[in-house]
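# just coords:
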């Protein structure tokens, strides 16, 4: 038989963008690159090894969190836990004491016999080698769990707060001296053994554990919290052990696979390993060969975690289907495959699906000889072949079936040149319009990578129609594509003069496109857009926002919550309560602080318009700076203002490249002036090493020296040097030329410089007036140094408005620089942040709404 190409269902979860880039298979096997993504290189199936399953780590972390929460609730929610314990104790008094003692003795004996019975049952089974490994794992987990209960008991008795010990224990029954154990430790090692040895499916041991726990509660030997801690420790210890030492590989032997296929009504004769978790099975009586794909719980868990994250982040991601069994995963793939066959799509036919125990399942396809698209020679990639691929996708689209992973390994070409779509593991039926358009965008990119943008778009328009291809254009962005496709795009050349960008063809701005903003690789995507626009010049090219949640936004929200959690207790723990200090503030100084805060928006507008050669409406510029106060609530310091200013310039008719350059010039000049102001105020304070008022000069010099050393190191490392050069290229190609244009308008440049200086002076004045309002009298120069350093910390902090970083830096520096006590510094900073961060939010929202209605934003 000639060499065969085996293409099997993917089991990873990176869809919507979707497939996981794996190790390319050898060319002589025809195994697609995605086949080995989950388990790495092929391994010998005759020697079952050990693997660390992600599900064990997830459950270990979940158990640790549950234990910590249980201890916290037991200590801080004493009324609730105490009430539950009292109710249980009251109900236990209804049970006769002799009966409770007898039940406790019998269940204790039964619990001790459970591991012995389970171990004997395992060792007397057919696979004694694997059973011995599992029993050894169970014994190790039991020892570790019992040790953990003893350590927690010792900690609760000797180190933990007395309130926690009281919440975990109660007096011994029968009037005996002492108290019960903080952790009901009899159940932990038994549960750990059951879990680690793979005996979770038997109901009798679980019933014994439940009866033992109830007997402990009825006899008064445990509190509900102690019982819960014992169970959590046993469960957590088992999964910690399984992750530390690994679990016996659940990959079945070839004999088990043949037996499962025979039970499904097939006639398998022999099975040959064909890669990780994959077999080529030959059948008797000249029946067609089978491609068998195995799916174990490790792959299901890894895919579920990836899907859950992408579902949280992307609107087009598949439902997570978290932690379902391998059989459920195969049933889903089979369902989508059958739907595709019913739609008339050429694909492999399913011969059988079968379960192999609790943790493994298999799906068998009729073998389909052929080669993946990326393995065809160039002369075989004809326009007819590309059109055939589009016809297959069109049939899926008519039935609202989404493939989600139309990468080269999913397009199998047989000996006649016909295209077969395979790998429906992440597909969906009744898919939304957005997801269906993502499939078109993905196939456009896949075929363009293989045959060029012009041929890909031409065949798509011929088969699907120009309207359908145009509708997919806003989805043509890297984040919507598969991971292997994004990787391939990064290695494609930028468009040349023969392939101008879509923006150039439509006369639009030549600034960075959506591809650069979402991960790079925009060269080929720009060519595809240009080809579509050649057919439909009026097509909408603005990308659809696919992200629900950006990692930066998530980090900002978490940082803001943490900062608030740390700051709020300080407001009430300080020696001088800042709330009362603000209430008793001097009204005159408070009014001056409010005026300075308000003027900062006007001066910021001066510093903004001064670096824009084009004429702008100054009123809109002031309102945009005020709107930035509202945007600060959901964006890190400085980021929201930059985006608003750029948008304001774009709506004013300034091309994107010039708008970004103007904003960049303002940021660059602002940074230089910020450093010059800091140096001037440090000089005014006569700060020298060992100075009496502030020892900041050594820190400033040390920071500059460290930055210089870091720059030298980066310049000496070629990859780092190229990275830095790429980041600085916009400065040399866009910002500096814009700055040279501004030098021709000295009056406008003077306005910009004045505004940049005055905005810092206004905010320094606001902070200074806040300190005077609460009765403190620091020098203006010291407050200026405090503000300039603290504001720099806020601009680099990833929290909304620099929350936490600005507050902590200002408070600490006011104590050191201005010799203010903690309570006074906290009150001054609280008042300053109230005037500059909180109060402008409502006016900022009104300004942003007004600008949007006027189409200025």
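Cool, the structure landed. These numbers were taken from a predicted model, which means no experiment stands behind them.
# My understanding was that residue 52 contacts residue 246; is that so?
Yes - between residue 52 and residue 246 there is a contact at 5.0 Å, judged by Cβ atoms under 8 Å. The way it works is simple: take the backbone N, C-alpha and C, and place the C-beta from them, glycine included.
# Give me the pLDDT for residue 595.
Residue 595 is assigned a pLDDT of 93 by the prediction.
# That one: neighbour count?
15 (other Cβ atoms under 10 Å).
# does it sit in a helix or strand, and which one?
Using DSSP states H and E, residue 595 sits within helix 587-609.
# by contact count, what packs against the top helix by length along the chain?
Longest helix in the chain by number of residues, with DSSP state H as the criterion: helix 128-158. Under the contact definition 3 or more Cβ pairs under 8 Å, 6 or more residues apart in numbering; DSSP states H and E, helix 128-158 sits against helix 97-123, helix 162-168, helix 187-196, helix 224-245, strand 247-248.
# want to throw the ones you listed into TSV with distance to residue 645 and mean neighbour count?
Conversion of the helices and strands packed on helix 128-158 to TSV gives the following (distance: least, Cβ to Cβ, whole Å; neighbours: other Cβ atoms under 10 Å):
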stretch	distance to residue 645	mean neighbour count
helix 97-123	68	16
helix 162-168	53	18
helix 187-196	57	27
helix 224-245	49	24
strand 247-248	56	20
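# Where among the ones you listed is average confidence lowest?
strand 247-248 has the lowest average pLDDT among the helices and strands packed on helix 128-158, namely a mean of 71.
# Now do the buried residues in the following helix or strand past that one.
Where DSSP H and E defines the elements, the next helix or strand beyond strand 247-248 is helix 254-263. With burial defined by 16 or more other Cβ atoms under 10 Å, the residues of helix 254-263 counted as buried are 254, 256-258, 260-261.
# Tabulate these (JSON lines), appending pLDDT.
Formatted as JSON lines, the buried residues of helix 254-263 follow (pLDDT from 0 to 100):
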{"residue": "254", "pLDDT": "81"}
{"residue": "256", "pLDDT": "82"}
{"residue": "257", "pLDDT": "86"}
{"residue": "258", "pLDDT": "88"}
{"residue": "260", "pLDDT": "87"}
{"residue": "261", "pLDDT": "89"}
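# Closest one of the residues you listed to residue 138?
Nearest to residue 138 among the buried residues of helix 254-263: residue 256, at 22.8 Å, using Cβ to Cβ.
# Now that closest one: closest residue in space that isn't a chain neighbour?
residue 356 (6.0 Å; Cβ to Cβ, 6 or more residues apart in numbering).
# wait, what's in contact with that neighbour?
252, 256-257, 260, 294, 362 (Cβ atoms under 8 Å, 6 or more residues apart in numbering).
# Between the residues you listed, which sits nearest residue 758?
residue 294 (69.4 Å).
# What strands line up against the helix or strand harbouring that closest one, and which way round?
Assessed by DSSP H and E, residue 294 sits inside strand 290-296. Sheet pairing here is set by DSSP bridges, and for strand 290-296 it gives strand 278-283 (antiparallel), strand 360-366 (antiparallel).
# Just name the most buried of those.
With neighbours defined as mean count of other Cβ atoms under 10 Å, those peak in mean count at strand 360-366, which reaches a mean of 24.
# now the angle from that strand to helix 254-263?
60 degrees (axes from the mean of the first three to the mean of the last three Cα atoms, to 10 degrees).
# ok, and the closest non-adjacent residue to residue 351?
Excluding its sequence neighbours, the residue lying closest to residue 351 (Cβ to Cβ, 6+ apart) is residue 364, at 4.5 Å.
# and what of residue 759?
Residue 759 sits nearest to residue 603 (Cβ to Cβ, 6+ apart), 4.3 Å away.
# Residue 114 now?
Nearest non-adjacent residue to residue 114, counting by Cβ to Cβ, 6+ apart: residue 205, 4.9 Å away.
# Does the one you found touch residue 193 like I think?
No - using Cβ under 8 Å, residue 205 is not in contact with residue 193; the gap is 9.3 Å.
# hang on, the earlier thing: for the residue nearest to residue 114, give me its contacts.
Residue 205 touches 114, 118, 190, 194, 199, counting by Cβ under 8 Å, 6+ apart.
# and the angle from the helix or strand where it lies to helix 187-196?
Using DSSP H and E, the element containing residue 205 is helix 203-218. Relative orientation of helix 203-218 versus helix 187-196 (the same axes, to 10 degrees): 160 degrees.
# ok and helix 203-218 relative to helix 97-123, angle-wise?
Computed by the same axes, to 10 degrees, the angle separating helix 203-218 from helix 97-123 equals 150 degrees.
# Please point out which parts of helix 203-218 sit buried.
Neighbour-count burial for helix 203-218 [16+ other Cβ under 10 Å]: 205, 208-209, 211-218.
# okay if I get those residues as JSON lines plus pLDDT and distance to residue 672?
Formatted as JSON lines, the buried residues of helix 203-218 follow (pLDDT from 0 to 100; distance: Cβ to Cβ, whole Å):
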{"residue": "205", "pLDDT": "80", "distance to residue 672": "72"}
{"residue": "208", "pLDDT": "83", "distance to residue 672": "75"}
{"residue": "209", "pLDDT": "83", "distance to residue 672": "70"}
{"residue": "211", "pLDDT": "84", "distance to residue 672": "76"}
{"residue": "212", "pLDDT": "84", "distance to residue 672": "73"}
{"residue": "213", "pLDDT": "82", "distance to residue 672": "69"}
{"residue": "214", "pLDDT": "83", "distance to residue 672": "73"}
{"residue": "215", "pLDDT": "82", "distance to residue 672": "76"}
{"residue": "216", "pLDDT": "80", "distance to residue 672": "71"}
{"residue": "217", "pLDDT": "81", "distance to residue 672": "71"}
{"residue": "218", "pLDDT": "80", "distance to residue 672": "76"}
